[in-house]
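# just to be clear, the model below is a prediction. Sequence and coordinates:
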Amino acid sequence: MTVMKLLSLSSFGLVVYCYVMYPLLLAVSARWRGRSSAPAYPSDPAEWPFVSMIVSAYNEERTIQHWVRNSLRLDYPADKLEIIVGCDGCHDATGEMARSVADPRLNVLEFSERRGKPSVLNDCVAIATGVILAFSDANAFYEPDAIKKMVRHYTRRHVGGVVGELKLRDPDSGANVDGLYWKYENFLKRHEGQIGALLGANGAIYSLRKDLWQPLPYQTIVDDFVVGMRVHLAGRDLVFEPEAAAHEDSAPSMSAEFQRRTRLAAGAFQSLQWLAPLLHPLHGKIAWAFWSHKVLRWCAPLFLATGYLTCAMMASDPMFGCLLVLQR
């Protein structure tokens, strides 16, 4: 019975830790470390690095033209920016709509077969001429100064990647609709970034030194998370820059959001086959954040199920009987 009690309390304790205690400890750690000031912009326009902005698109005829125009209008030296659109076996007018924007900085790659986003990104990066790669989604739109806000961090050699902040908006009104969960996630990102333990990137807006890019396995599900975490494996810093923002419409329905979450959950466990070394205690704060923010949370359903079953088996005990009632 003692073992059963320990198992039950440990299961609930781990859930409370990853959702409540970890954010509190993280906030204290970030406050103790303090905020580091953002680096200044290069004083000479010639010092801005060449940037390749890349998107993989599948049947995005409704948004791709808007995305291309938005990208070409960014406040960044025109001679230091190229736009690469990779069409992943589209069977609509995505490629045609993208090419309809006449600009020499635009390069549209159309692949006849759908192979998945990782393969498209690999091919786009292979032809990119920028020393900095900026990634986005076809339905996410950078704010005008977003690239500048990210790129200024690369004046620091130890910085390998920079992640911006995605803001959700209502597709009808355009109003910001960041919910409590999204604000909670951004809270964690800001503070993890402050202690140098940012976990992965946000596919809608992030950048990377090209010399750190490694081809993605074709079966990769959460490519942005894997790319971002590889920056840590390379011994470089991954920075969160909340002033570099992109906007994206919120999910059109609960079912669409559920499908997205299911896909992310599957990709999370898959990523461990490439990122497991970062769980080793030798990686210090990164390992702590990885275990606390990601791995324990991925296992939370198992912990809750274990806690429920053990409480049901010990329902005659007043304390565990109360815990059982609270879960219903």
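Noted; the coordinates are in hand.
# make it CA atoms for all contacts and neighbour counts henceforth
Will do.
# select the longest strand from the chain.
strand 237-249 (DSSP state E).
# ok now it, how far from the chain's centre?
9 Å (CA atoms, centre = their mean, to the nearest Å).
# which strands border that strand, and is each parallel or antiparallel?
Here strand 237-249 is paired, per DSSP bridges, with strand 140-142 (antiparallel), strand 159-169 (parallel).
# what's the least confident stretch among those?
Mean pLDDT per stretch puts strand 159-169 lowest among the strands paired with strand 237-249, at a mean of 94.
# low-confidence ranges, the protein, go.
Residue ranges of the chain with pLDDT under 70: 1, 34, 171-178, 251-258, 260-261, 320-321, 324, 326-328.
# could you list the domains of it?
2-33+289-326, 45-279 (automatic domain parsing).
# distance from the chain centre to the longest one, please.
The gap between the average C-alpha position of domain 45-279 and the chain average comes to 8 Å, counting by CA atoms, centre = their mean.
# next, the distance between the ends of that domain.
Domain 45-279 has an end-to-end distance of 41 Å (CA to CA, to the nearest Å).
# what's the distance between residue 87 and residue 78?
In this structure, residue 87 and residue 78 are 24 Å apart, going by CA to CA.
# more neighbours: which of these two?
Neighbour comparison, residue 87 and residue 78: the larger count goes to residue 87, with 26 against 12 (by other CA atoms under 10 Å).
# which residues touch the more buried one?
56, 57, 58, 94, 95, 108, 109, 110, 111, 120 (CA atoms under 8 Å, 6 or more residues apart in numbering).
# a markdown table for those residues, including secondary structure?
Converted to a markdown table, these look like this (DSSP: H, G, I helix; E, B strand; the rest coil):
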| residue | secondary structure |
| --- | --- |
| 56 | strand |
| 57 | strand |
| 58 | coil |
| 94 | helix |
| 95 | helix |
| 108 | strand |
| 109 | strand |
| 110 | strand |
| 111 | strand |
| 120 | helix |
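# now which of the residues you listed would you call buried?
56, 57, 58, 94, 95, 108, 109, 110, 120 (16 or more other CA atoms under 10 Å).
# now those residues in TSV, with distance to residue 74?
What follows is these, written out as TSV (distance: CA to CA, whole Å):
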residue	distance to residue 74
56	19
57	20
58	23
94	21
95	21
108	18
109	21
110	24
120	24
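# which helices and strands does the helix or strand residue 15 falls within pack with?
Residue 15 is part of helix 2-16 when elements are defined by DSSP states H and E. Here helix 2-16 is seen to pack against helix 296-298, helix 300-313 when contacts are counted using 3 or more CA pairs under 8 Å, 6 or more residues apart in numbering; DSSP states H and E.
# in JSON lines: those, plus mean neighbour count and distance to residue 124.
JSON lines is the format used below for the helices and strands packed on helix 2-16 (neighbours: other CA atoms under 10 Å; distance: least, CA to CA, whole Å):
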{"stretch": "helix 296-298", "mean neighbour count": "17", "distance to residue 124": "32"}
{"stretch": "helix 300-313", "mean neighbour count": "18", "distance to residue 124": "37"}
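# closest one to residue 187 among those?
helix 296-298 (16.0 Å; CA to CA).
# which residue packs closest to the residue nearest the centre of the chain, ignoring adjacent ones?
Nearest to the mean C-alpha position of the chain, by CA atoms, centre = their mean, lies residue 202 at 2.3 Å. Spatial nearest neighbour of residue 202, excluding adjacent residues (CA to CA, 6 or more residues apart in numbering): residue 224 at 6.1 Å.
# quick one, helices of the stretch 1-150 of the chain?
For the stretch 1-150 of the chain, the helices identified by DSSP state H, counting those that start in this stretch occupy 2-16, 22-33, 64-72, 94-99, 117-127, 146-151, in order along the chain.
# out of these, nearest to residue 266?
Nearest of the helices of the stretch 1-150 of the chain to residue 266, taken as CA to CA: helix 117-127 at 15.8 Å.
# now the helix holding residue 15 and helix 22-33, what's the angle there?
Computed by axes from the mean of the first three to the mean of the last three CA atoms, to 10 degrees, the angle separating helix 2-16 from helix 22-33 equals 50 degrees.
# relative to the whole chain's centre, how far out is helix 2-16?
With CA atoms, centre = their mean as the basis, helix 2-16 stands 31 Å off its chain's centre.
# buried stuff in it?
Residues 4, 7, 8, 9, 11, 12, 14, 15 are the ones in helix 2-16 that count as buried (16+ other CA under 10 Å).
# residue 80 touches residue 47, doesn't it?
No: the pair residue 80 / residue 47 is not scored as a contact, 9.9 Å apart, by CA atoms under 8 Å.
# higher neighbour count, those two?
Using other CA under 10 Å as the criterion, residue 80 and residue 47 rank with residue 80 on top: 17 against 11.
# how about the more buried one: what's its closest non-neighbour residue?
Ranked by CA to CA, 6+ apart and with sequence neighbours excluded, the top spatial neighbour of residue 80 is residue 50, at 4.4 Å.
# the one you found contacts residue 83, correct?
No: using CA under 8 Å as the test, residue 50 is too far from residue 83 to be in contact (11.3 Å).
# so where does the residue nearest to residue 197 when sequence neighbours are not counted fall, helix or strand?
In this structure, residue 197 finds its nearest non-sequential neighbour in residue 286, 4.7 Å apart by CA to CA, 6+ apart. Under the criterion of DSSP H and E, residue 286 resides in helix 285-289.
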